[in-house]
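Peer 1: No sequence on hand, only this structure:
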């Protein structure tokens, strides 16, 4: 049986989650790998059942409580990231506070984290038309310039930008739907590797934008020749 790397990873995750379920059924409290696998697998199975992203995350957040894990595990497993296949495509699910029960009593000198996944303020706004016959989803940190070629928008303006949405979330464009989105510049070293392969290097290198636009137009990306 031939499997893709993604399919092998999915089976490995499922096997680890099944082991966690079996041990929990025997009355054992789970360790970090077992708890992480169980939460991540719950997201994937919810997606397979047809659940939307938000519903899958809520299911995963309710699968374990503090009494289900070993001491200290809830302090380590504060967030679980997993890519699952939903009806509208692959989406990154970020399960924060995956081991229910909320924060415990504050210890002396304890550092409390600030708000996570805040929505950044958009620098530019674009109208995006999905000309495809299927829904298209774009995740938070995808180089929006390289998003699905059937999305029609001003590609030049979107160069070097990502969605102004909380980390780990995404924007969904229904068939024939026109949606206004906000974009912010990609941070860090501003290097785009992978995605659709239109850049594969430093975003701000001399001539990089012009070459990326040429490649996009040659490959039929809508909005690249504006």
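Peer 2: Looks like it arrived, so ask away. Model, not experiment: these values are computed from the prediction.
Peer 1: how's the chain carved up into domains?
Peer 2: The chain breaks down by the TED database into domains covering 5-96, 124-219.
Peer 1: Let's have those in CSV, adding mean pLDDT, distance to residue 226 and mean neighbour count.
Peer 2: No exception for glycine: its C-beta is placed from N, CA and C like everyone else's. Shown next, in CSV, are the domains of the chain (pLDDT from 0 to 100; distance: least, Cβ to Cβ, whole Å; neighbours: other Cβ atoms under 10 Å):
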stretch, mean pLDDT, distance to residue 226, mean neighbour count
domain 5-96, 92, 26, 17
domain 124-219, 93, 5, 17
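Peer 1: Of those, give the one that comes closest to residue 225.
Peer 2: When these are compared for distance to residue 225 using Cβ to Cβ, the nearest one is domain 124-219, at 4.9 Å.
Peer 1: Can you lay out the domains of the chain as TSV showing distance to residue 225?
Peer 2: Below are the domains of the chain laid out as TSV (distance: least, Cβ to Cβ, whole Å):
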stretch	distance to residue 225
domain 5-96	26
domain 124-219	5
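Peer 1: which SS class is the residue nearest to residue 159 when sequence neighbours are not counted?
Peer 2: Among residues not flanking residue 159 along the chain, residue 145 sits closest, at 4.6 Å (Cβ to Cβ, 6 or more residues apart in numbering). Following DSSP: H, G, I helix; E, B strand; the rest coil, the label given to residue 145 is helix.
Peer 1: Please tell me how far the residue sitting nearest the centre point of the chain sits from residue 123.
Peer 2: The residue lying closest to the centre of the chain (Cα atoms, centre = their mean) is residue 92, at 2.4 Å. Distance from residue 92 to residue 123, counting by Cβ to Cβ, to the nearest Å: 22 Å.
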